[in-house]
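Fold the following and give me the result.
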Amino acid sequence: MAQPAASKRLGVPAAAALALVLPALAGTASAGEAFDTAAIEASVVRVIAPQSQPDTYSMGTGWIVHGRRIVVTNNHVVEGGVAFHLATVVDGKPRTIEAKLLRRSPDKDLAVLEAVSDLPGKALPLAGYDAKAMTRVIAVGFPGTADLAFFADRSTGEMKAVRFGLDDEDFYRPTWTEGVASRNLSYFRSIDGPALQHSAAINQGNSGGPLIDSCGRVLGVNTIRAVDGDPQGVFYAIHPKEIARFLEIASFSPTIVASACTVAGPSTALVLPMFAASLLIAATALWIAYRRQVPAVVKPLTAVAARVSRVAAGAAFLAPPRVAGRDDAGGGAPALPQQRRAKVVTLMPKAAGPEFIIDRDKLDKGQALVIGRSRSSDVVLSHESVSRRHARMWVDKTGVLWIEDLGSSAGTFVGSERITKAAVPPGTHVRFGAVGYTLDLGRNL
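This next block holds a predicted model:
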C-alpha cells in the first residue's frame with residue numbers, strides 16, 4: 001500500500017533531526033582534546049644569552065606566552081646576559097632573532113623576553129588547575145646533552161663527540177620527554193613559591209621550557225636548578241599560578257584554561273568523521289525538505305531569515321572599532337601595552353646557515369655590532385673560515401651602513417672586493433670568510 005503524502009513529508013524532517021542528534025551522541029560516547037606537535041614546537045625557542053666574559057654564554061629554553069613575541073624563561077638562563085637571542089625554525093629554515101629583557105625575578109626564577117620580530121608559533125595557554133598524581137606530563141626543551149653526538153672512530157675505535165652548532169638544523173629542534181605528575185608543592189624554597197614535582201626527564205638546557213599536559217596546556221616552567229643532587233626521576237616545574245602572578249605584574253595576561261585535560265581512547269578518532277557525515281546528512285535533508293516546501297521546515301527557515309535581515313539592517317557594521325579595554329565613557333580597565341613594531345636589520349644567508357634578525361635601534365644609537373665565531377659576538381657565525389672577532393658593522397649619522405674587518409684571517413668582502421673598511425649599499429652581498437649574507441636595513445616587523 002502506498003505511503004500517505006503526509007508521512008512522506010514528515011520523513012525528511014525526521015531524518016534531519018536524527019542526523020543532528022548523531023553528533024551529540026558521538027560526543028557523549030567519546031570526547032577529548034589533543035595537541036599538534038608541530039604547533040607546540042613552533043612556540044618553543046632556544047634562548048641564548050652571551051655573557052660579559054669572552055666565549056661564555058648561557059643557554060636554555062623559552063616559550064611564547066603572549067602574542068607572537070613575548071617569551072617566558074627562567075631567570076637563571078638570562079642572568080648575566082649582555083644580549084639575548086632566540087633560535088627557532090621559520091618556514092623550515094633556521095633563524096636567530098634578537099630579543100630584549102623586559103622583566104625578571106631572581107626570587108621566582110622567572111623572566112620575560114620580547115623578540116624584535118614575530119616568532120613562528122602562537123602563545124601556549126596556562127593550565128588553570130592542579131595536575132593530579134599520575135597525570136601525563138611532557139617536557140619540551142633544548143637539553144645540552146642532546147646537542148652531543150657520540151660515535152666510534154672506524155680506524156681506531158676511539159669514542160669521539162660532536163656538538164651541534166648554529167649551522168646544524170637539529171640545533172633548532174626541541175627534545176620531548178614524557179613522565180607523570182608526582183605531587184603539587186604549596187611552597188618550594190628554591191623558587192619561593194608553589195611547584196609541581198614530576199618525572200619527565202629534564203637536563204641543563206631544559207631550564208625555562210614548558211611542561212605541558214596531553215592537551216598542550218602549560219603545567220609549569222621547568223627549572224633545572226631545583227634538582228641538583230636529587231635522584232633520577234624527581235624534577236620540578238614552577239607552578240602555573242606563580243607564572244600567572246608574575247605575568248600580571250609584567251602587564252601581560254596569558255590565556256588560562258580552567259578545565260582539566262581529558263583525552264579519550266582510540267574511539268575519539270571516529271568523532272570528527274561522524275560529526276562531518278552527520279552535518280552533511282542534515283544539510284542535505286533540510287535542502288530537500290525546503291525544495292519540497294515541507295511546512296515544518298519552510299516556515300521556521302523563513303522566520304529565521306526575516307529575523308536575520310532585520311538584525312543586519314539595524315546593526316552598525318560600519319561603525320569604527322572600539323578601543324579594547326575601554327567602555328563608552330572612556331573608563332574601564334586599561335588596555336594591555338601595545339607591542340612596538342621594531343625596525344630590524346636582517347642578515348639573509350646566500351646558501352646554508354641561519355637567518356639573523358637584529359634590532360636596528362642599537363645601530364641607530366651608534367653602537368657597533370661584532371660579527372664572529374665567538375659566542376660573545378652580536379652575530380655568531382660558527383664556521384671555520386670565520387675568525388673569533390671577524391668584523392663589525394655600524395650605521396653613521398647619515399644612515400649609511402659601514403663594515404670594518406677586524407684583522408680576520410680569511411677576510412671580509414663587499415661584493416667581490418676584499419675590504420678593510422667600506423660602506424655597504426642596500427642589497428649588497430657581503431662575505432665573512434666563506435659565509436655570505438645579504439643585509440637588509442629597512443624591514444619593519
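
CA atoms for contacts and neighbours, from now on please.
Noted.

The stretch 201-350 of the chain: helices as residue ranges?
Secondary structure of the stretch 201-350 of the chain (DSSP state H, counting those that start in this stretch): helices located at 240-249, 271-291, 295-314.

which residue ranges form the strands in the stretch 151-300 of the chain?
Along the stretch 151-300 of the chain, counting by DSSP state E, counting those that start in this stretch, strands occupy 159-163, 175-188, 193-198, 210-212, 218-222, 235-238, 256-257.

So what are the sheet partners of the shortest one and their directions?
Meaning strand 256-257. Sheet pairing of strand 256-257 (DSSP bridges) gives strand 126-127 (parallel).

The fourth one too?
In its sheet, strand 210-212 lies beside strand 136-141 (antiparallel), strand 218-222 (antiparallel), with partners assigned from DSSP bridges.

what about the longest one, distance to the chain center?
In this case it means strand 136-141. In terms of CA atoms, centre = their mean, to the nearest Å, the centre of strand 136-141 is found 15 Å from the chain centre.

How about residues contacting it?
Contact with strand 136-141 is made by 41, 44-46, 60-62, 174-181, 198, 200-202, 205-207, 209-214, 222, as judged by CA atoms under 8 Å, 6 or more residues apart in numbering.

one step back: so which of the strands paired with strand 210-212 gets nearest T262?
strand 136-141 (10.7 Å; CA to CA).

just for this protein, where's the confidence low?
By pLDDT under 70, the low-scoring segments of the chain are 1-33, 149-154, 159-163, 224-231, 264-272, 289-342, 351-353, 442-445.

Give me the residue at the spatial middle of it.
S43 (1.6 Å; CA atoms, centre = their mean).

if I look at that residue, how far off is V116?
15 Å (CA to CA, to the nearest Å).

ok, now L110?
Distance from L110 to V116, by CA to CA: 20 Å.

now do M134
40 Å.

Those two: which is more packed in?
More crowded of M134 and V116, by other CA atoms under 10 Å: V116, with 26 against 13.

That one touches D359, doesn't it?
Yes - using CA atoms under 8 Å, V116 makes contact with D359 at a distance of 6.0 Å.

residues touching A115, list them.
69-71, 86, 97-100.

Return the backbone torsion pair for it.
phi -70, psi 150 (degrees, to the nearest 10).

For it, which non-adjacent residue is spatially closest?
Closest residue to A115 apart from its sequence neighbours, by CA to CA, 6 or more residues apart in numbering: A99 at 4.1 Å.

Can you classify the one you found by secondary structure?
Using DSSP: H, G, I helix; E, B strand; the rest coil, the three-state assignment for A99 comes out as strand.

That one: what's it in contact with?
83-86, 113-116.

Show only the entries of the residues you listed found in strands.
Counting by DSSP state E, the part of the contacts of A99 found in strands is 84-86, 113-115.

Narrow those to those that are buried.
84-86, 113-115 (16 or more other CA atoms under 10 Å).

Give the pairing partners of the helix or strand hosting R46; include direction for each.
Element membership of R46 [criterion: DSSP states H and E] is strand 44-50. Using DSSP bridges, the strands paired with strand 44-50 are strand 57-66 (antiparallel), strand 84-90 (antiparallel).

Take the contacts of A115 and, keeping just the buried ones, write it as a ChimeraX select command.
Buried members of the contacts of A115, defined by 16+ other CA under 10 Å, are picked up in ChimeraX with:
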select :69,70,71,86,97,98,99
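
Any chance of TSV for the contacts of A115, columns distance to I403?
Formatted as TSV, the contacts of A115 follow (distance: CA to CA, whole Å):
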residue	distance to I403
R69	29
I70	32
V71	32
L86	24
I97	21
E98	20
A99	23
K100	24
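
Nearest to D170, out of the contacts of A115: which one, please.
For the contacts of A115, the nearest to D170 is L86 (14.8 Å; CA to CA).

neighbours of I249, just the number please.
By other CA under 10 Å, the burial measure for I249, its neighbour count, is 10.

wait, D167 sits on P349?
No - the pair D167 / P349 is not scored as a contact, 11.2 Å apart, by CA under 8 Å.

Comparing those two, which shows the higher neighbour count?
P349 (18 against 15).

For that one, list each beta-bridge partner.
Per DSSP bridges, the residues bridged to P349 are Y437.

That one contacts Y437, correct?
Yes - counting by CA under 8 Å, P349 touches Y437, with 4.5 Å between them.

what about K343, how many neighbours?
18.

Verify the contact between it and L363 for me.
No - applying CA under 8 Å, one finds K343 not in contact with L363, separated by 10.7 Å.
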